[in-house]
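> predicted structure and sequence below. I'll ask about it afterward.
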2 protein chains.
Amino acid sequence: MTKEAKPLTDLAIANAAVMKPIGVIAQQAGIPEEAVEPYGRYKAKIDVAKLPVAKSNGKVVLVTATSPTPAGEGKSTVTVGLADALAKLGKKSMIALREPSLGPVMGVKGGAAGGGYAQVLPMEEINLHFNGDIHAITTANNALSAMIDNHLHQGNTLQIDPRRITWKRVLDMNDRALRHVTIGLGGPGQGIPREDGFDITVASEIMAVFCLATSLDDLKERLSQMVIGYTYDKEAVTVRDLGVEGALTLLLKEAFKPNLVQTIEGTPALIHGGPFANIAHGCNSLMATNTARQLADIVVTEAGFGSDLGAEKFMDIKARKGGFSPDAVVIVTTIRALKMHGGVAKAELRTENVQAVAAGIVNLEKHVETVRAFGVQPVIALNQFVADTKAELDYVLTWCEKNNVRAALTDVWGNGGEGGRALAEQVLELLDEPNHFAPLYDVEQSVIDKITTIVQTVYGGNGIVLTDKAKKDLLQIEQNGWDILPICMAKTQYSFSDDPKKLGRPKDFTITIREILPKLGAGFLVCLTGDIMTMPGLPKQPAALQMDVDEKGNAVGLM
Amino acid sequence: MTKEAKPLTDLAIANAAVMKPIGVIAQQAGIPEEAVEPYGRYKAKIDVAKLPVAKSNGKVVLVTATSPTPAGEGKSTVTVGLADALAKLGKKSMIALREPSLGPVMGVKGGAAGGGYAQVLPMEEINLHFNGDIHAITTANNALSAMIDNHLHQGNTLQIDPRRITWKRVLDMNDRALRHVTIGLGGPGQGIPREDGFDITVASEIMAVFCLATSLDDLKERLSQMVIGYTYDKEAVTVRDLGVEGALTLLLKEAFKPNLVQTIEGTPALIHGGPFANIAHGCNSLMATNTARQLADIVVTEAGFGSDLGAEKFMDIKARKGGFSPDAVVIVTTIRALKMHGGVAKAELRTENVQAVAAGIVNLEKHVETVRAFGVQPVIALNQFVADTKAELDYVLTWCEKNNVRAALTDVWGNGGEGGRALAEQVLELLDEPNHFAPLYDVEQSVIDKITTIVQTVYGGNGIVLTDKAKKDLLQIEQNGWDILPICMAKTQYSFSDDPKKLGRPKDFTITIREILPKLGAGFLVCLTGDIMTMPGLPKQPAALQMDVDEKGNAVGLM
């Protein structure tokens, strides 16, 4: 049974599952009772300061995927199923995942809690407000905005130029009408009129800071370094200049504790932080990953989109900052996705087409090369769907064998951990081999060199072109000494190139860098390479229209 | 010891208190374990469906106050201290309070958790995100806004007139620059341009609905009735027309469970919901009050501002809807407040001035009359401060005796329940007497009659004047058959009149009704009588500037 033919919804499967009390899961994970702060019966926050500090060397398995297609690859589902499978094989495994943003849940999909029999629970609460972390980030972000506009209104002693405020407001909502707004209208008592805009909360720099900070002190320090805009003299204005890093840290301090939940099979999972993988680095908090490494022998974690985006940033930004090595990388792919990369339209995916699989496998090939470029070996998880034929599956498995790439079929949606057993065995073999992880570039290289390295090695492009705006940004970055930061590429997830229509493995392209945004709190330079959506819109028929509460008070319509 | 001379901050006293685990408090309150959903160690949500349904007849003591002054009266503090005192006297008491809005906490004050030794705990968490209820309301409100703007953008089949959308966005923030905004700018892909504005979340109609709903079904029904604007043909458009009442209910369903906490002395308190007392009715949720009545013999609760606002609405809106009678009313006042009503400036409050007390006591006199107009007897809580002199205190006590009003001195800030013992004894005597509670007007009366009754009986005014806009509103309300709803007056809290400068007991005034807003979900008609602030601003030196987290991770700078 696979997702395509599902007789039950994810919500129905989730509701039918019997959860263990969260205290039991915590005990199983080796978390002492005094470190467990329950949020309801099946969720808890973990007070990391109260954990035993015996070890912090759990191995890290990163789950990434081929370039995403509308067919869906099932990356979160494989992440969950793999950890369940490792547990079945007697390993002490733990999951570290991002928390879902509510905006997309209301719009188009059911969040990021896995699916079928490979889900984290309680699905409903994880997909709605969870433990309030994203609300706390929204609040901190908008408290900063209110302090900025209040500063303007109360005399503007810092001489902030209202036209050069780069800090935007946020909501955890898909709300296109808030992308471009004017505020402060209505007369002298109502603030200073200026242009502004709202991003979705997961695109806030505070989310990125939250996910890269290693302690409350580090969080405060990074918050204080965030640039909110520029003065009339074009000097950067930081949160420290406004004096609100203490208040922002206070607003975030409870949210900063990782959240413990469980899979349907009872494997412990930490779900914490969820930055966008385009404007930010796209993986769960370093706090959660570090905590999981402290508690478990194997941590299965995930990064957003394909390896060109999430995995690259995981390696070059998060692992570098966190001082750990990814020990193995799983690349999730499907026959459906490879067919789409081979030129098949979504409506025709159910027809056998080995030729299209063969044509599309170049996408997988490039992701394998990318992972190996970091000195780490991949395992392909070929995630089965009912319409897949033996010939199609065999083609991929044979290709993997020929190219000396480990591979396994997975059916975790329908069979949970059991469906991930073959994958888990491959991963365990790989973990016994030495790995030679290293980030792709040195932060001391020039910004141009760093970007070019990513484009050539990860995307397979020829090089980069900077717009005049990007050149101007770069000059400012160099003048301020901000050029020693790592790069956070903001590129379409659909293609290795900056053109979302070029599927498969495009060649002979250059990447145009349109803007370079210094994110000093997060500690990276965001390079924009196209229209990057930082506030999604709702579709014509939003998922919200199907949502309800039944007579017993249970959720209805979450997907 | 009283607040004025405080040697310790509220936060320091709160941090020094030893809390009991919330399970112990729940047990003490008669809440079975299966109904308790812990949120951390010292907070819980109560699943009301799992409570024993034995009784629901706890007596209700409403705490109100004389017209508020900048000196502060200590209403929440007396509420907490009175419940503690009743517990000391062997009564099964419980508190029902509003949850503090974060906006004012960041701006000017430390929330609504009481003070000194009469506080609810954990003070820090109650004042910050608490259990996420207000965030859930923010989210539901803004999800509705996003659905409205998406409807316009996707073809506007309902023919909503963008100029006549009355539904505003909200944030739980003091942010004046968001009062008047234009949204949907940036071109055809970015929504439909229109004027909009943000209120503070506690001014959202959803907050009022949340606080008046008696069940999840009732919540959904009321949400569906909310009017979001009008079509080009001036027909009302409701949430039901948009089809999102299910999604909004889903977003609110966990928040809708009352929150259990404890006082410093271990008295159980339900803190739930917090509508503004100007634009809305200003008291905690009916769910919390009903739950407390089910569990305790005496429920001590509070309504916003003076008896002309919060108490009037408590009686005419909440008690009417909830089908219960307030059994006694405590009117909190202070020598300082009476002096200000007697014409003394804030800077001179520390100087003895019996004459000013005598001049200001007319304010108290009117509040006593107001409470009696509802068929309920008041007890005056004369809340002591260090600078109060014996002559001043004696003047008030003698006045009360002469006017046959029960009274007691309180010192709950400094002495907790012990400081409220005399008040508790008076309250207990009063509870043994019969009371003849009745709302002030019948909902079937005309709108004009209902407003006039409030103005003459509660404010002591001569009558009302309607602006042309209000007359137009009234016509529309009558044409739609909405005129059978109770009235929610939106008036300055500082004066019985609509002029905030007229302290004491103004006479010979009329009240100008500027607008009448139908709030069909909340189930009342809001009558605006002046500039009603629905989005506060931050002061020049916001409280946020003092906030921080210390090296142990504890809050600093909450007041």
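Perfect, thanks for sending it.

> per-residue pLDDT, the residue of the stretch 351-500 of chain A found nearest chain B?
Distances between the stretch 351-500 of chain A and chain B by C-beta to the nearest C-beta are smallest at residue A:500, namely 15.7 Å. All C-beta spots, glycine's among them, are computed from the backbone N, C-alpha and C. Predicted confidence (pLDDT) for residue A:500: 92.

> next one: the closest residue to residue A:154 other than its chain neighbours, what pLDDT does it get?
Nearest residue to residue A:154 in three dimensions, chain neighbours excluded: residue B:540, at 4.8 Å (C-beta to C-beta, 6 or more residues apart in numbering or on different chains). Residue B:540 is assigned 94 on the pLDDT scale.

> could you do residue A:254 as well?
95.

> is it true that it touches residue A:137?
No - here residue A:254 does not reach residue A:137: they are 11.8 Å apart, not a contact under C-beta atoms under 8 Å.

> residues touching the residue in the stretch 451-559 of chain A positioned nearest to chain B, list them.
At 3.2 Å from chain B, residue A:548 is the closest residue in the stretch 451-559 of chain A, using C-beta to the nearest C-beta. Residue A:548 sits next to A:555-557, B:246-247, B:249-250 when contact means C-beta atoms under 8 Å, 6 or more residues apart in numbering or on different chains.

> any idea which of those residues is least confident?
residue A:557 (86).

> one step back: the residue of the stretch 351-500 of chain A closest to chain B - how many residues pack around it?
Residues lying near residue A:500 (other C-beta atoms under 10 Å in any protein chain shown) number 14.

> any idea how far it is from residue A:151?
Applying C-beta to C-beta, to the nearest Å, the value for residue A:500 to residue A:151 is 40 Å.

> try residue A:92
Look at residue A:92 and residue A:151: by C-beta to C-beta, they are 50 Å apart.

> give me the more crowded residue out of those two.
residue A:151 (23 against 16).

> so the host helix or strand of the more buried one versus helix B:133-153, what angle?
In this structure, residue A:151 is located in helix A:133-153 according to DSSP states H and E. Between helix A:133-153 and helix B:133-153, the angle comes out at 80 degrees (axes from the mean of the first three to the mean of the last three C-alpha atoms, to 10 degrees).

> just to revisit the earlier point, verify the stated contact: the residue of the stretch 351-500 of chain A closest to chain B with residue A:529.
No - using C-beta under 8 Å, residue A:500 makes no contact with residue A:529, being 11.0 Å away.

> joint contacts of those two?
Both residue A:500 and residue A:529 are in contact with residue A:492, where contact means C-beta under 8 Å, 6+ apart.

> could you check how far whichever residue of the stretch 251-400 of chain A sits closest to chain B is from residue A:517?
Taking C-beta to the nearest C-beta as the measure, the stretch 251-400 of chain A has residue A:253 as its residue closest to chain B, at 5.4 Å. Remark: distance between residue A:253 and residue A:517 (C-beta to C-beta) = 27 Å.

> now do residue A:315
For residue A:315, the distance to residue A:517 - C-beta to C-beta - is 21 Å.

> does residue A:103 count as helix, strand or coil?
helix (DSSP: H, G, I helix; E, B strand; the rest coil).

> about what we covered before: how about the residue of the stretch 251-400 of chain A closest to chain B, phi and psi?
When quoted as degrees, to the nearest 10, the phi and psi of residue A:253 stand at phi -70, psi -30.

> so the closest residue in space to residue A:194 that isn't next to it in sequence, which of the three states?
With sequence-adjacent residues excluded and distances taken as C-beta to C-beta, 6+ apart, residue A:194 is closest to residue A:162, at 4.1 Å. In three-state terms, and counting by three-state DSSP, residue A:162 is strand.

> show the contacting residues for residue A:162.
Taking C-beta under 8 Å, 6+ apart, one finds A:152, A:192, A:194 in contact with residue A:162.

> show the pLDDT at the first one.
For residue A:152, the model assigns a pLDDT of 98.

> any idea how far it is from residue A:522?
From residue A:152 to residue A:522 the distance is 25 Å (C-beta to C-beta).

> neighbour count winner among those two?
Taking neighbours as other C-beta under 10 Å, residue A:152 and residue A:522 compare with residue A:522 leading, 30 against 19.

> nearest spatial neighbour of the residue in the stretch 201-350 of chain A that chain B sits nearest to, chain-adjacent residues omitted?
Proximity of the stretch 201-350 of chain A to chain B (C-beta to the nearest C-beta) peaks at residue A:246, 3.2 Å away. Leaving aside its sequence neighbours, residue A:246 sits nearest to residue B:548 (C-beta to C-beta, 6+ apart; 3.2 Å).

> that neighbour bridge partners, please.
Residue B:548 forms beta bridges with residue B:556, as assigned by DSSP bridges.

> so residue A:299: helix, strand or coil?
Under three-state DSSP, the three-state class of residue A:299 is strand.

> re earlier: can you list the helices and strands that the helix holding residue A:151 packs against?
Under the contact definition 3 or more C-beta pairs under 8 Å, 6 or more residues apart in numbering or on different chains; DSSP states H and E, helix A:133-153 sits against strand A:160-165, strand A:169-171, helix A:205-212, strand A:227-231, helix A:239-242, helix A:245-252, helix B:102-107, helix B:133-153.

> change it to 7 Å
Where contact means 3 or more C-beta pairs under 7 Å, 6 or more residues apart in numbering or on different chains; DSSP states H and E, helix A:133-153 is packed against strand A:160-165, strand A:169-171, helix A:205-212, helix A:239-242, helix A:245-252.
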